[in-house]
Structures are given as structure tokens and as C-alpha cells.
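Asker: Based on what follows, work out the 3D shape:
(one chain, ligands or ions: 1)
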Amino acid sequence: MHPNDPRLSSFISVDADSDFPIQNLPFGIFSTHAHPNKRVGVAIGEFVLDLAVIEAADLLRVQVNPVFNQATLNSFIALGKPVWQEARKKISELLRADHPRLRDDTALRAKALIPMHEVQMHMPMQVSGYTDFYSSREHATNVGMMFRDPANALLPNWLHLPVGYNGRASSVVVSGTEIRRPMGQVKAPTDEAPRYAACAKLDFELEMAFIVGAESALGQPIKIEHAHDFMFGMVLLNDWSARDIQQWEYVPLGPFNAKTFATSISPWVVTMDALEPFFVEGPKQEPQPLSYLQQSGAQGVDIALEVSLQPQAASQATTISRTNFKTMYWSMAQQLVHHTISGCNVNVGDVMGSGTVSGGTPDSYGSLLELSWNGQRPLQLEDGKSTRSFLEDGDEVSMRGWCQGKGYRIGFGEVKGRISPAKTS
Ligand code: CA
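Answerer: Numbers count the residues shown, from 1 in each chain. Sure, this is the predicted structure:
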């Protein structure tokens, strides 16, 4: 059976609302207290399958040299799409309820299957490039209405190309990493002079990202029909943003320090192959894009997304946004193709952020900037007394995402981060 077949089941019991059924099999990097070396694992239900152990037992050999006893996924990803697909097929077979090899080998199971609460997750890839797009029409419209002209909220280029900028790879961090409130230069429109201060308008941005799976050659644009051969998988991404720093610094070259201090990603990379059943038609593109951006068929992905916020003193988190990735105007293929149209090359492990995912209704916006309308409408949290316009110290932001199948879901787990106070001296 195909690894995506909804009828497949594992000998590991997996709840219907688990993010990690046998149809998912996302890749990540983990370690344990007993074995602190970082290595490749696959999530299955509440367990992690240690691929270094499986490889050493000769049950998963994708090339002559071991590729799973490594601290990043880069070497495995670099082997290319046919190898990712073959590996996923073999892992699916090993975990099947009707496949005895691992199921009936008690000693190997004890070594290779580790309860998820015992593992520490790490950055899945070494990231050499991070690019952030701006592909939600609703988000771009909201920001344009707030800061420019409500009647002409979208700038003239927006419907013709996927707007983006080159971010910082060095500060892409894994979920759970503490996020320090940035210091920076701020100047409100009414201030006479800029000040050096802690960011007072700290925000999150709900995004997805795709991970580049193959390097392209400098000077060789990727054609739209080949774009998916260059994508390994997807993660949740929180593009932390300092709105007050951004407002003063961004003219004329775009975001700089407002975005460079941290970008968090979820630790499990869900493969494009696992997502394949959830591709759907994206929004109609009018005007028709230039020919190098034209594509046919389903290019959006139906991924339900949620953001929750929990102040340090609160006993519970409040879900503050629910939206869906399928609303994105520009597809991932169009983003990648446009990125390389100049001849710019991409590398294995590069992170391509989608841009903030905002829906059409106020409860589906993907940032506090929009949810509180730049502080004009503070959000009420579920403890009944707290409100938020922007993030406060101690706040934890968590994002989740999943594709809902019939009786199972292909989930991304979680990306979370807690705000720590600014380092003022
Ligand atoms: Ca962003």
C-alpha cells in the first residue's frame, strides 16, 4: 500500500487526533538524556523512531554511508526526492500493524522506539538561507490599510509578484527557544528624535515555511514545473516582529532589525509527499501572472492553523486566531520560482517563509498587529482580566497546524516560544 493510504495502521496505537499517524512520518532531529548525540528520528503517535538505530540494524539503508546518525537532516535531504520517497516507504512498512519485522522484535523496539516526552528536539536542518514572503492578500491588505491608504491598500506590484525579502538564517531557532525582547532604535511619528529602547510592540507572525530539498545552480532559474522537486517538506514558522522598530527602519529597503532577532520553527518536517492528498485550488489569480509564474492544478494546501497565547501568570492559554493556509494568494512553487528568476541559487535546508497567514475575518488574523488593529482593539484573554495589544514579558505563543483527513490528521506539532525581558545593558 502507498504510505498515504488512509487504511494503513501501525502496531503503535495512534489516536485519531494525533498529529503523527503512520500516514505522516515527519523527520526531525532529537537526542535523549541517555544518548545525547543528535540524530534523525521519525514521529509516530507518542513515540520517536530512532532512524540511526534502524539504519544500524540494516533495516533502512539509503546509501553506503550512514546518513541518519547525524546532527542535521541536510545529508539525508541532499540525497534527493527518490531517496526521501523510498525511505518513507520503508519506514511506513516497518511501522505497519501487519509487518512483523520490527513489531515482533522486542529488543529492537525497546532500542528504537522512544517515548516522545523523553526526547529533546533540535533544529532539524542547518539553515544557510532564510527568505520571508508576504503572500496573504488579506494580511497585505490589512497592513496597507493601517499604515498607508485604505483605498489603495495593496501596492501596485503585489498582484504581479510574490513580494519577499532575504531574512537572517543565523537566528532561525527551534520551537521552545526563549525569545529575548529586542532593543532597537524607535521613533514614533510624534517623536522629535529617535530613541534607543526596548521594543514596545513585540508581535508574532503565524506562517508556514517550506524547506528547500535540492540545491539549484547559480544563474539557473527553477522552472515552475520543476518547483516541487526542490521542496522537501514544511514546518510551522513564527516570524517574531518588532513593530515599532520596523516602522522607523523599514524605509526604503524593508525589514532589518525588526525581524532579525529570532524566527522560530517547529521541529518536525512534514514531507511534501505526506501533504500531497491535501493540495487544493488556491485563490483565483487576477490579473494572470507573467508566464514564468503560471501553473495549473491544485497549488494551495488545506492546513488548519491555530495560535494561542498564555501569559506567565495565567493558568490556561487563549486561542486567539484560527485560519487556514489554503487562503494564501501566491503558491510555494511561485515563491520559489520567483526567488530564482534572477539566477539566485538556493541550498538544501533553506527556509522559505510564506508570510503571515491571515484570513478574511478578524478572528482569523495571523498577527497581534491585525488582531488588535495596532492596539486600537486590545484582545480579551480567557482569564477574564488580561488584555493584549502586543506581547508582554513572560507571554508564551504557541502555533499548531494540521491537515484533516478522514479519521486521521497530518499534523505539524507545535512551534512555541516565551518572551524574556530585554537586555537593557
Ligand atoms: Ca513575516
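Asker: I'd assumed residue 187 was in contact with residue 248.
Answerer: Yes - using C-beta atoms under 8 Å, residue 248 is in contact with residue 187, at 4.5 Å. Any C-beta I mention is one placed from the backbone N, CA and C, and that applies to glycine too.
Asker: shared neighbours of these two, anything?
Answerer: residue 194 (C-beta atoms under 8 Å, 6 or more residues apart in numbering).
Asker: Neighbours of the residue in the stretch 51-200 of the chain that the ion sits nearest to, how many?
Answerer: In the stretch 51-200 of the chain, the residue that lies nearest the ion is residue 132 (4.6 Å; C-beta to the ion). Neighbour count of residue 132, defined by other C-beta atoms under 10 Å: 26.
Asker: Break this protein down into its domains, please.
Answerer: The chain breaks down into these domains under automatic domain parsing: 27-122, 130-420.
Asker: Please identify the most buried of those domains.
Answerer: domain 130-420 (a mean of 19; mean count of other C-beta atoms under 10 Å).
Asker: From residue 239, how far out is the nearest residue to the residue of the stretch 51-200 of the chain closest to the ion once chain neighbours are set aside?
Answerer: Among residues not flanking residue 132 along the chain, residue 353 sits closest, at 4.0 Å (C-beta to C-beta, 6 or more residues apart in numbering). Between residue 353 and residue 239 the computed distance is 6 Å (C-beta to C-beta, to the nearest Å).
Asker: in what helix or strand does the residue lying closest to residue 80 once chain neighbours are set aside lie?
Answerer: Computed as C-beta to C-beta, 6+ apart, the closest residue to residue 80 that is not its neighbour in sequence is residue 214, at 6.3 Å. Counting by DSSP states H and E, no helix or strand carries residue 214.
Asker: Tell me the residue of this structure that sits nearest the ion?
Answerer: residue 239 (3.6 Å).
Asker: show me what contacts the residue nearest to that residue when sequence neighbours are not counted?
Answerer: Excluding the flanking residues, the one nearest residue 239 by C-beta to C-beta, 6+ apart is residue 205, at 4.0 Å. Residues near residue 205 by C-beta under 8 Å, 6+ apart: 238-241, 355-356, 366-367.
Asker: Pull up the per-residue confidence for residue 205.
Answerer: Residue 205 carries a pLDDT value of 98.
Asker: same deal with the one 5 residues further on?
Answerer: Residue 210 carries a pLDDT value of 98.
Asker: Would you confirm that it contacts residue 233?
Answerer: Yes - counting by C-beta under 8 Å, residue 233 is a contact partner of residue 210 at 7.1 Å.
Asker: Now the common contact residues for the two.
Answerer: With C-beta under 8 Å, 6+ apart, residue 210 and residue 233 have common neighbours residue 272.
Asker: ok, back up a step: is the residue nearest to residue 132 in a bridge, and if so with what?
Answerer: residue 132, residue 209 (DSSP bridges).
Asker: please renumber so the chain begins at 580
Answerer: Yep, numbering from 580; the last one is residue 932 now.
Asker: Please list the residues of the stretch 580-729 of the chain that sit near the ion.
Answerer: residue 711 (C-beta under 5 Å from the ion).
Asker: Work out the sheet partners of the longest strand along the chain and label each with its direction, please.
Answerer: For the chain, the strand with the greatest residue count under DSSP state E is strand 988-999. Strand pairing for strand 988-999, using DSSP bridges, gives strand 758-759 (parallel), strand 975-983 (antiparallel).
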